[in-house]
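Peer 1: predicted model follows, preceded by the sequence.
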Amino acid sequence: MVFKRYVEIGRVALVNYGKEYGRLVVIVDVIDQNRALVDYPDMVRTQLNLKRLSLTDIKIDIKRVPKKKTLIEAIEAADVKNKWENSSWGRKLIVQKRRAALSDFDRFKLMLAKIKRSGIIRQELAKLKKESAA
Amino acid sequence: MAPEMGGARMSRNPDLIRGVGKYSRSKMYHKRGLWAIKAKNGGVFPRHDPRPAVTNPLPAKPPKFYPADDVKKPLVNKRKPKPTKLRSSITPGTVLILLAGRFMGKRVVFLKQLSSGLLLVTGPFKINGVPLRRVNQSYIIATSTKVDVSGVNLEKFDDDYFTKEGGKKIKKGEGEFFEAEKEEKKALPQEKKDGQKLVDSPLIKAIEGVPDLQSYLAARFSLKSGMKPHELVF
């Protein structure tokens, strides 16, 4: 089995455990076999255990331990935000967040919309069935 | 001494720590102006005759009965209970979900908190069959949906609006027992029906302005498969 996503400087990862859960971070240095130094424009640079990171496909072009300004420029240049939000993984997370924030009234309206949509689909299906039967 | 006119007087001798004042006896003599009182009175402190003893016009009669053991008198309690603290998520017009009782699961509109602490809610009656009703704060979930209640006048509704009619002391004979049962059901007084209409008409107008809100209030809430109450946002 070949590995495609490597822990390397510039790899964008998602934090999957702990206080920073759900955040995107960039690996700026590897400390030892288990730990990496991570950074992102709106957080203080910290060390995280690699077990707390889920690697993504996105990689940016930086040297080891860049200054914050250089990091920000590199992230802008690689357009990490848009790449993430358009990826299927990123889109799934956005949908999950939106679903979790629905209020009771929103859930009710969603139920009505689902019923309406399935009603339309069933009508079309019935039409097609009739045509193919005839 | 001359009577105090100034109410509660602050001491002129501030505490350095508890038990130790800032000023000495001689300083306080001057601060209090005792030299001026002496001067006004010709070099000595004024002396007043003792107050005349107050005699009771009718001395208390000795009690007829002394209890054998000492009876403990309960401590005096001047506590006045306050109405229950209203959760910050509940404001007039909030849609609440009732969790217990006959209307379990119904979504109702909150009107105001009564002086007893209970919440006054209404269906509105035409929409979901819940009349003007009192409900305890512990048995509701407050949602984030709000209805506009500015058009409703709630001044005349308080706890006495909801008290039961006077006690019935009907002695039923054996034979009449079964017949009397059927006549027991009283019609709802017209006053209650008018009160309901008074509150509901402006509410229903406000509700019809929001799409889907009417069917939302008509439906009951229930937990479906996969819904985790501690993760739901209401």
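Peer 2: The structure has been received and is ready for your questions. This structure is a prediction, so every number in the text was calculated from the model and none was measured. Residues are numbered from 1 along each chain as shown, chains lettered A, B, ... in the order given.

Peer 1: from chain A, how far out is residue B:116?
Peer 2: When distance is defined by CB to the nearest CB, to the nearest Å, residue B:116 is 28 Å away from chain A. Any C-beta I mention is one placed from the backbone N, CA and C, and that applies to glycine too.

Peer 1: actually residue B:139, not the one I typed
Peer 2: 17 Å.

Peer 1: tally up the residues packed near that residue, please.
Peer 2: Residue B:139 is flanked by 14 other residues according to other CB atoms under 10 Å in any protein chain shown.

Peer 1: so residue A:127 sits in a helix?
Peer 2: Yes. Secondary structure of residue A:127 (DSSP: H, G, I helix; E, B strand; the rest coil): part of a helix.

Peer 1: what's around it, how many residues?
Peer 2: Close neighbours of residue A:127, defined as other CB under 10 Å, add up to 10.

Peer 1: and for residue B:55?
Peer 2: Applying other CB under 10 Å, we find 6 residues neighbouring residue B:55.

Peer 1: next, give phi and psi for it.
Peer 2: As for residue B:55, its main-chain torsions (degrees, to the nearest 10) stand at phi -100, psi 140.

Peer 1: got it, and residue A:27?
Peer 2: Residue A:27 has phi and psi values of phi -80, psi 120 when expressed as degrees, to the nearest 10.

Peer 1: likewise residue A:53?
Peer 2: According to degrees, to the nearest 10, residue A:53 has phi -110, psi 140.

Peer 1: which residue is the nearest non-sequential neighbour of it?
Peer 2: Nearest residue to residue A:53, sequence neighbours excluded (CB to CB, 6 or more residues apart in numbering or on different chains): residue A:13, at 4.0 Å.

Peer 1: secondary structure class for the one you found?
Peer 2: For residue A:13, the assignment made with three-state DSSP gives strand.

Peer 1: gap between it and chain B?
Peer 2: According to CB to the nearest CB, residue A:13 and chain B sit 26 Å apart.

Peer 1: one more: residue A:79?
Peer 2: 32 Å.

Peer 1: please enumerate the strands of chain A.
Peer 2: For chain A, the strands defined by DSSP state E occupy A:11-15, A:24-30, A:35-39, A:46-49, A:53-59.

Peer 1: output those as JSON lines; include the columns mean neighbour count and mean pLDDT.
Peer 2: What follows is the strands of chain A, written out as JSON lines (neighbours: other CB atoms under 10 Å in any protein chain shown; pLDDT from 0 to 100):
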{"stretch": "strand A:11-15", "mean neighbour count": "21", "mean pLDDT": "96"}
{"stretch": "strand A:24-30", "mean neighbour count": "20", "mean pLDDT": "95"}
{"stretch": "strand A:35-39", "mean neighbour count": "20", "mean pLDDT": "95"}
{"stretch": "strand A:46-49", "mean neighbour count": "14", "mean pLDDT": "95"}
{"stretch": "strand A:53-59", "mean neighbour count": "17", "mean pLDDT": "95"}
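
Peer 1: now the helices for the chain?
Peer 2: All of this is about chain A. Remark: helices assigned in chain A by DSSP state H are A:68-78, A:80-86, A:88-100, A:104-133.

Peer 1: right idea, wrong chain: chain B
Peer 2: Under DSSP H, chain B gives helices at B:25-32, B:34-40, B:125-128, B:177-183, B:190-208, B:213-218.

Peer 1: mind putting these into JSON lines with mean pLDDT and distance to residue B:140?
Peer 2: Shown next, in JSON lines, are those (pLDDT from 0 to 100; distance: least, CB to CB, whole Å):
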{"stretch": "helix B:25-32", "mean pLDDT": "92", "distance to residue B:140": "62"}
{"stretch": "helix B:34-40", "mean pLDDT": "90", "distance to residue B:140": "67"}
{"stretch": "helix B:125-128", "mean pLDDT": "93", "distance to residue B:140": "15"}
{"stretch": "helix B:177-183", "mean pLDDT": "55", "distance to residue B:140": "34"}
{"stretch": "helix B:190-208", "mean pLDDT": "90", "distance to residue B:140": "18"}
{"stretch": "helix B:213-218", "mean pLDDT": "94", "distance to residue B:140": "14"}
